[in-house]
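1. Sequence first, then the predicted structure, then my questions.
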Protein chains: 2
Amino acid sequence: MKTEDFRHHAHELVDWIADYLEHADRYPVCSRSRPGDLLAALPASPPEEPEPMADVLADFRRDVLPGITHWNHPRFFAYFPANNSGPSILGEMLSAGLGVNGMLWQTSPAATELEQRTLEWLAQLVGLPAGFHGVIHDTASTATFCALVCARERTTGFAANAEGLGAATAATRGPLRVYASREAHSSVLKGARLAGFGAANVVSVAIDAQRRLDPADLERLIAADRAAGKAPCAVVATVGTTGCTAVDPLASIGPLARRHGLWLHVDAALAGAAAILPSMRWLLDGVEHADSLVFNPHKWLLVNFDCSAFYVRDPDHLQRAMAIHPEYLRTTRDAEVVNYMDWGLQLGRRFRALKLWFVLRTYGARQLRAFVAAHLELAQEFAGWVEATSDWELLAPVPLNTVCFRWRPAGVVDEARLNELNAALMARVNAEGTVYLTHTKLDDVTTLRLAVGQRATTREHVQQAWAALQAAARDIAEGEHS
Amino acid sequence: MKTEDFRHHAHELVDWIADYLEHADRYPVCSRSRPGDLLAALPASPPEEPEPMADVLADFRRDVLPGITHWNHPRFFAYFPANNSGPSILGEMLSAGLGVNGMLWQTSPAATELEQRTLEWLAQLVGLPAGFHGVIHDTASTATFCALVCARERTTGFAANAEGLGAATAATRGPLRVYASREAHSSVLKGARLAGFGAANVVSVAIDAQRRLDPADLERLIAADRAAGKAPCAVVATVGTTGCTAVDPLASIGPLARRHGLWLHVDAALAGAAAILPSMRWLLDGVEHADSLVFNPHKWLLVNFDCSAFYVRDPDHLQRAMAIHPEYLRTTRDAEVVNYMDWGLQLGRRFRALKLWFVLRTYGARQLRAFVAAHLELAQEFAGWVEATSDWELLAPVPLNTVCFRWRPAGVVDEARLNELNAALMARVNAEGTVYLTHTKLDDVTTLRLAVGQRATTREHVQQAWAALQAAARDIAEGEHS
């Protein structure tokens, strides 16, 4: 592609993106595509001859765009936020233009040093105590996996890395055990499986009425495992569970983990961002006991996916668990610099600190706090509406941005029936296209979730969600009675 | 940031990027930063108040840009190519603007289906036989790790995932063994460590004179391991090693792997792209025996980092090894669609197929072939110059884009001295800033590598590299004699 063609189409795209940032709300939130729609529109084989970019962009608008679910739509209330912002998109553009691979300090010193500094800033913003060292990972799944590998190597004295987990656990005389509440994210189980712990060694800790990990049960489980010859290794505490944003009590779990020699990993993927508010610092009370922590600026801090901040207490330990030094990756600077390839799974690394830097500087701490605070308020407000309305109920406390609730029409008491009705309600609302929200199960109860966190979401959008839910409930109720 | 401000700065950045694409050669290739330069320029704390984007971009130019090593400079000959292109940058821009997370089909059907189709196209382009199913991973390190987990689970009948590798290897009655030549990439050792195999169970297979894995030695090692009660599990064959682009003989390794029940993973991270040329299809001869293969369009196919194409024969096996299905990630479509979160480590997924689609369509197969063919020719030409010049020698065959060579001034026979001289030569050339190249060791010989593969690299740039090397050699020789 000639530079002038790039320039032309890039300017065109900028205008398209700017319009999209302004008007994403013109689209149905959740794509209405049926399986195979786009596949049917795409040729089975690649073109032999070059095609004009203008044609490709036209095909994008015609064939691809209807298959997009609009995560940055102001009425996207599903899953978790994955918000972006103008400065972050600028950072992605520039990163793509430079095309840098920051695997080593030498392969772009600025990529490494900007990452070091912006992660120091981020640690200050959320009030991490001194002594945590940060690196950008792609996702919390990767970070949690790396934390579990660190735990594995600490418990086995690096024997798993050296001799394999089979030989290492022959020495510990029992399998390594990982503890997490049953509300913990699926990435804990996945990471433990990938790292060779085995699903059977991921121990489900009881939860209290607010779905927080119960430290007393954790202590009992550890004792029982020790008595049975098993080797307690790590505990993952969740600050803001995916299902209902429960906050495990770090201040109780921390000393317990330390006493038993467990690696404490804190999964604050979503909720970490909220700790930029002084009023929410309690979320991380006790984090001084943690060995590692992950939170995702790409969820709720206006930074494009992917940008997951992984912090460890002991970077030497992390590097010893991860580093491989073939000759072709050695440089004369290795003793004096950080080579981030040694801080995670991947060798190659995008220049992701750029977008984080752009966001932190152009918003400033003050605006970021205001942004998160507004979402917390909207969640409270929505929860209030649910509570105040007959036929609706809250299903969990609302400490953060996510409201768990359901429709409970008068007279319906059968739980299976309530589950059906709420599944039908959600399907109807999502198909209608005004809002998009998703579900979970709390115990066996089908639970609707409204997660507030998109860049452009305002009170009006939350009101629209509430109206859409009530209308759908009315329609279903009327359909039943007719 | 107001939309109009985004629009303004994005247009400004587009012009900057377009100029950069045209004139990256105005910068020294390798950054001249010293450790701490950028850190010293950045405040210790984040700003409390918002700062104008114009200030941030000015700081980028003043403080960050000097710390960039220009991977897309036409005289970047280091490591491996990580080329980008106009259409790919457009794809990254659009992907950032949409801010989609393609973890599930439902969370953007188009992201999933465009990925399916473009990976089918890519498979056709490089001549993969039918029956391979593709997914985009971030890096080959991640793909190779996932391949090793698949191997582990196949050998243990999913007992490692279920019970842990300790219990599983108690059942296999011996550690799982992974085979690769000693020229294999460091990601094999890293992946095997992370997956719990242990470094001691990564078996180094002998190489032939061309540094290709020796299948006879592989067979001997497997037999010896079986005799010793160990459990052969996987072999990683490299098509285009990182050091010197040696090509392991898949056609011999494949049947052997099958006979012994080993998972065959093919690491064609760099060289896979070359198989788009009919004349280079021999690279993948025997790939029909492979269980998995990875190659990186983000290296040598004009697609921005990251975009690593991971292919498996048996996607059900991959998904069984990777998938976790908590309630909050279930959708009503799960039985009829691909949910790519189940095809790898990460849950969250960027919309990377967009840039791949843009590149494949706007270049077309014909231009992509011409692009790669030109690099192969330039490497041959450079190799010819080295061979034809006294005081210089080739150190390995040149089947692909990378020339391994050294300076061997007349009269110097001591190998340690030659190593020193070549290290000094490389340091001098890189410091001078015209070109950037890196080294490896082949056996104990310090080896200079010239890897051709950037978008804008022409014969003239390779000539400049050769001239810079010869000038540096003269300078060193004169310095010695004065």
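-> Structure's in. What do you need? Numbers count the residues shown, from 1 in each chain, chains lettered A, B, ... in the order given.
2. Can you get me a residue count around residue A:111?
-> 30 (other Cβ atoms under 10 Å in any protein chain shown). (C-beta placed from N, C-alpha, C; glycine too.)
3. ok but it is inside a helix, no?
-> Yes: judged by DSSP: H, G, I helix; E, B strand; the rest coil, residue A:111 forms part of a helix.
4. residues contacting it?
-> A:100, A:102, A:349, A:351, A:353, B:67-68 (Cβ atoms under 8 Å, 6 or more residues apart in numbering or on different chains).
5. Most widely separated two among these?
-> Farthest pair in those (Cβ to Cβ) is A:349 and B:67. Separation: 14.8 Å.
6. Between the two, which has more neighbouring residues?
-> Neighbours per residue (other Cβ under 10 Å) separate residue A:349 from residue B:67, with residue A:349 holding more: 30 against 23.
7. Now for the more buried one: which residues touch it?
-> Contacts of residue A:349 by Cβ under 8 Å, 6+ apart are A:101-103, A:111, A:136, A:340-341.
8. which one of these sits closest to chain B?
-> Distance to chain B across the contacts of residue A:349 (Cβ to the nearest Cβ) is lowest for residue A:101, with 4.9 Å.
9. what's the distance between the closest one and residue B:115?
-> Residue A:101 sits 22 Å away from residue B:115, going by Cβ to Cβ, to the nearest Å.
10. that older thread, tabulate the contacts of residue A:111 (TSV), appending pLDDT and secondary structure.
-> Below are these laid out as TSV (pLDDT from 0 to 100; DSSP: H, G, I helix; E, B strand; the rest coil):
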residue	pLDDT	secondary structure
A:100	96	coil
A:102	96	coil
A:349	97	coil
A:351	98	coil
A:353	98	helix
B:67	98	helix
B:68	98	coil
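11. Please identify which of those residues is nearest to residue A:52.
-> Nearest to residue A:52 among those, with distances taken as Cβ to Cβ, is residue A:100, at 29.2 Å.
12. what's around the closest one, how many residues?
-> Residue A:100, neighbours per other Cβ under 10 Å, totals 27.
13. try residue A:388
-> 8.
14. Next one, pLDDT for it please.
-> Looking at residue A:388, its pLDDT is 98.
15. quick one: contacts for it?
-> Per Cβ under 8 Å, 6+ apart, neighbours of residue A:388: none.
16. before we move on, what about residue A:369?
-> Contacts of residue A:369 by Cβ under 8 Å, 6+ apart are A:276-277.
17. that's a helix at it, yeah?
-> Yes: using three-state DSSP, the assignment for residue A:369 is a helix.
18. quick one: average pLDDT of stretch A:159-172?
-> On average, stretch A:159-172 scores 89.
19. Run the chain-centre distance for that stretch.
-> 32 Å (Cα atoms, centre = their mean, to the nearest Å).
20. Let me have the contacts of residue A:349 in CSV, extended by secondary structure.
-> Output for the contacts of residue A:349, formatted as CSV (three-state DSSP):
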residue, secondary structure
A:101, coil
A:102, coil
A:103, coil
A:111, helix
A:136, strand
A:340, helix
A:341, helix
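21. farthest-separated two in these?
-> A:101 and A:136 (13.8 Å).
22. More neighbours: those two, which one.
-> More crowded of residue A:101 and residue A:136, by other Cβ under 10 Å: residue A:136, with 28 against 25.
23. What residues does that one make contact with?
-> A:115, A:119, A:307-310, A:340, A:349, A:352-353, A:356.
24. Among those residues, name the ones in strands.
-> Of the contacts of residue A:136, the ones assigned to strands by DSSP state E are A:308-310.
25. Now for residue A:463, how many residues are close by?
-> 14.
26. so what secondary structure elements neighbour the helix or strand containing it?
-> Element membership for residue A:463 (DSSP states H and E) is helix A:459-481. Helices and strands touching helix A:459-481, by 3 or more Cβ pairs under 8 Å, 6 or more residues apart in numbering or on different chains; DSSP states H and E, are helix A:353-388, helix A:415-432, strand A:445-451.
27. How far off centre is it?
-> For helix A:459-481, the distance to the chain centre is 29 Å (Cα atoms, centre = their mean).
28. Phi, psi for residue A:246 please.
-> phi -70, psi 150 (degrees, to the nearest 10).
29. distance of it from residue B:360?
-> Plainly put, residue A:246 is 45 Å away from residue B:360 if you go by Cβ to Cβ.
30. What of residue A:135?
-> To residue B:360, residue A:135 is 33 Å away according to Cβ to Cβ.
31. any residue of stretch A:259-273 up close to chain B?
-> No: between stretch A:259-273 and chain B, judged by Cβ under 8 Å from any Cβ of the partner chain, nothing touches; the nearest distance is 9.7 Å.
32. same deal with stretch A:169-188?
-> Yes: applying Cβ under 8 Å from any Cβ, one finds stretch A:169-188 touching chain B at A:169-170, A:175-176, A:185-187.
33. So which of those residues belong to helices?
-> Among the residues of stretch A:169-188 next to chain B, the members found in helices (DSSP state H) are A:169-170, A:186-187.
34. Can you go through those and name the buried ones?
-> For these, a burial check counting by 16 or more other Cβ atoms under 10 Å in any protein chain shown picks out A:169, A:186-187.
35. Considering these, which is situated nearest to residue A:84?
-> When those are ranked by distance to residue A:84 (Cβ to Cβ), residue A:187 comes first, at 22.1 Å.
36. any idea which element the closest residue to that closest one other than its chain neighbours lies in?
-> Nearest residue to residue A:187 in three dimensions, chain neighbours excluded: residue A:141, at 4.0 Å (Cβ to Cβ, 6 or more residues apart in numbering or on different chains). Residue A:141 belongs to helix A:140-155 when assigned by DSSP H and E.
37. quick one, what contacts residue A:339?
-> Residue A:339 neighbours (Cβ under 8 Å, 6+ apart): A:103-105, A:112, A:331.
38. out of those residues, which touch chain B?
-> residue A:105.
39. and the contacts of residue A:339 as JSON lines, adding distance to residue A:58, pLDDT and neighbour count?
-> Listed next are these as JSON lines, based on distance: Cβ to Cβ, whole Å; pLDDT from 0 to 100; neighbours: other Cβ atoms under 10 Å in any protein chain shown:
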{"residue": "A:103", "distance to residue A:58": "37", "pLDDT": "95", "neighbour count": "23"}
{"residue": "A:104", "distance to residue A:58": "41", "pLDDT": "96", "neighbour count": "26"}
{"residue": "A:105", "distance to residue A:58": "43", "pLDDT": "96", "neighbour count": "26"}
{"residue": "A:112", "distance to residue A:58": "41", "pLDDT": "98", "neighbour count": "29"}
{"residue": "A:331", "distance to residue A:58": "46", "pLDDT": "89", "neighbour count": "14"}
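40. And the furthest pair within the contacts of residue A:339?
-> Spatially, the most separated pair among the contacts of residue A:339 is A:112 and A:331, at 11.8 Å (Cβ to Cβ).
41. So for the two, which residues contact both of them?
-> Joint contacts of residue A:112 and residue A:331 (Cβ under 8 Å, 6+ apart) are A:104-105, A:339.
42. Nearest to chain B, out of those residues: which one, please.
-> Distances from chain B to those, taken by Cβ to the nearest Cβ, are shortest for residue A:105, at 7.1 Å.
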